[in-house]
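>>> Just to be clear, the model below is a prediction. Sequence and coordinates:
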Amino acid sequence: MIEELTRRYLRAVDRALPGYVRALYVVGSAALGAWQPGASDVDTVILTSRAPTRDDLAQLARIHARMPRSPHFDGVYLEPALARSWPADGRAVPFVVNGEFRTDTPCGELTPVLWLTLRRHGIPVRGPAVTELGVRVDPEQLRRYNLNNLREYWQSRVATFPAELAGMAAATAMDGGIVSWFVLGPARLHCTLAHGDIIFKAAAGDYLARLFPEYAHLARRAVRWRAGEAERFTAADLLAAADGVNAVAEDAWRRFGD
């Protein structure tokens, strides 16, 4: 499916914009060996031969609108100057998220984590080997990004959970995707801070279980849910996941913060 989707995209873009896409690399779960049909998207980094014109962007919008809705073919476009500087500041560049092509909003995928994934695990579909790209990852920038993301995204998201769930019975059913997201996501960032590499979500469950044994059962259930097994999650599980987010973030700041 991954190969079929990337070939379909390259055929379409080569017809519409000959010579525009000079290189394409698969990143994300597929590059980490953790791609799951029905659950994972195809994430890419696309290097272009020139800065995009208005006509180029219109053509790209049409191409992405015709791509399959599942799995999504997502990616970040980098013109030549940016493919030499590897910016990690979330600036506005053409990108695709959840299958939607965007050009005039900040690109949240443009982070040190993306470049670390590309440098360590990127799979070339077109273009030179990753080792020839000169991908740069600033260790301090990577550390700061992960710490801030734990505090500003993950902890801020779960801060409202106690009030939002206060009127619900503990056994109220919750969406497994939401619970699993909060159980496994922060552990991946903690692991990057500790070991300087990226792990996939199933490995994050094992990492969380070793780091905080009190969340081991919830972590294993989240991994089983992502693998397609029948797992039922409740409001009590979501509150426990929120506690886990705070525990992971606070531990990360204690170990790796200023």
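Happy to help now that I have it.
>>> contacts, neighbours, all on C-alpha from now
Will do.
>>> Where in this protein is the helix or strand with the lowest mean pLDDT?
Taking mean pLDDT, DSSP states H and E as the measure, the helix or strand of the chain with the lowest value is helix 28-31, at a mean of 84.
>>> so what strands line up beside the helix or strand just after that helix?
As assigned by DSSP states H and E, the chain's next helix or strand after helix 28-31 is strand 42-48. Strand 42-48 has the following sheet partners, assigned by DSSP bridges: strand 21-27 (antiparallel), strand 73-78 (parallel).
>>> In terms of secondary structure, what does the least confident helix or strand of the chain contact?
strand 42-48 (3 or more CA pairs under 8 Å, 6 or more residues apart in numbering; DSSP states H and E).
>>> same question for stretch 165-174, mean pLDDT?
For stretch 165-174, the mean per-residue pLDDT is 95.
>>> Spit out the contact partners of the residue nearest to Ala12 when sequence neighbours are not counted.
Leaving out its chain neighbours, the residue that sits closest to Ala12 by CA to CA, 6 or more residues apart in numbering is Ile63, at 6.6 Å. When contacts are counted by CA atoms under 8 Å, 6 or more residues apart in numbering, Ile63 is found next to Tyr9, Ala12, Val13.
>>> For the buried ones among those, write the corresponding PyMOL selection.
PyMOL command restricting the contacts of Ile63 to the buried ones, with burial defined by 16 or more other CA atoms under 10 Å:
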select buried, resi 9+12+13
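>>> From the contacts of Ile63, which land in strands?
Nothing among the contacts of Ile63 maps onto strands, per DSSP state E.
>>> which one is the residue nearest in space to the middle of the chain nearest to, not counting chain neighbours?
Central residue of the chain (CA atoms, centre = their mean): Gly28, 6.1 Å from the mean position. Leaving aside its chain neighbours, Gly28 sits nearest to Asp43 (5.4 Å; criterion: CA to CA, 6+ apart).
>>> coming back round to it: let me have the contacts of Ile63 in a markdown table, extended by pLDDT and distance to Ala170.
Output for the contacts of Ile63, formatted as a markdown table (pLDDT from 0 to 100; distance: CA to CA, whole Å):
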| residue | pLDDT | distance to Ala170 |
| --- | --- | --- |
| Tyr9 | 96 | 46 |
| Ala12 | 97 | 50 |
| Val13 | 98 | 50 |
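>>> residue ranges with poor pLDDT in this structure?
Where the chain drops to pLDDT under 70, the residues are 35-39.
>>> Output stretch 155-173 as PDB - backbone C-alpha positions only.
What follows is stretch 155-173, C-alpha atoms only, in PDB (Å, rounded to 0.1, in the frame of the first residue of the first chain):
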ATOM      1  CA  GLN A 155       0.000  18.800  29.600                       C
ATOM      2  CA  SER A 156      -2.200  21.700  28.500                       C
ATOM      3  CA  ARG A 157      -4.500  19.300  26.600                       C
ATOM      4  CA  VAL A 158      -5.100  17.000  29.600                       C
ATOM      5  CA  ALA A 159      -5.400  19.900  32.200                       C
ATOM      6  CA  THR A 160      -9.100  20.200  31.300                       C
ATOM      7  CA  PHE A 161      -9.900  16.500  31.600                       C
ATOM      8  CA  PRO A 162     -10.900  16.400  35.300                       C
ATOM      9  CA  ALA A 163     -13.500  19.200  34.800                       C
ATOM     10  CA  GLU A 164     -14.800  17.800  31.500                       C
ATOM     11  CA  LEU A 165     -15.200  14.300  32.900                       C
ATOM     12  CA  ALA A 166     -16.500  15.300  36.300                       C
ATOM     13  CA  GLY A 167     -20.100  14.600  35.500                       C
ATOM     14  CA  MET A 168     -19.400  11.200  33.900                       C
ATOM     15  CA  ALA A 169     -19.600   7.800  35.500                       C
ATOM     16  CA  ALA A 170     -16.100   6.200  35.600                       C
ATOM     17  CA  ALA A 171     -17.400   3.300  33.400                       C
ATOM     18  CA  THR A 172     -18.500   5.600  30.600                       C
ATOM     19  CA  ALA A 173     -17.100   4.400  27.300                       C
END
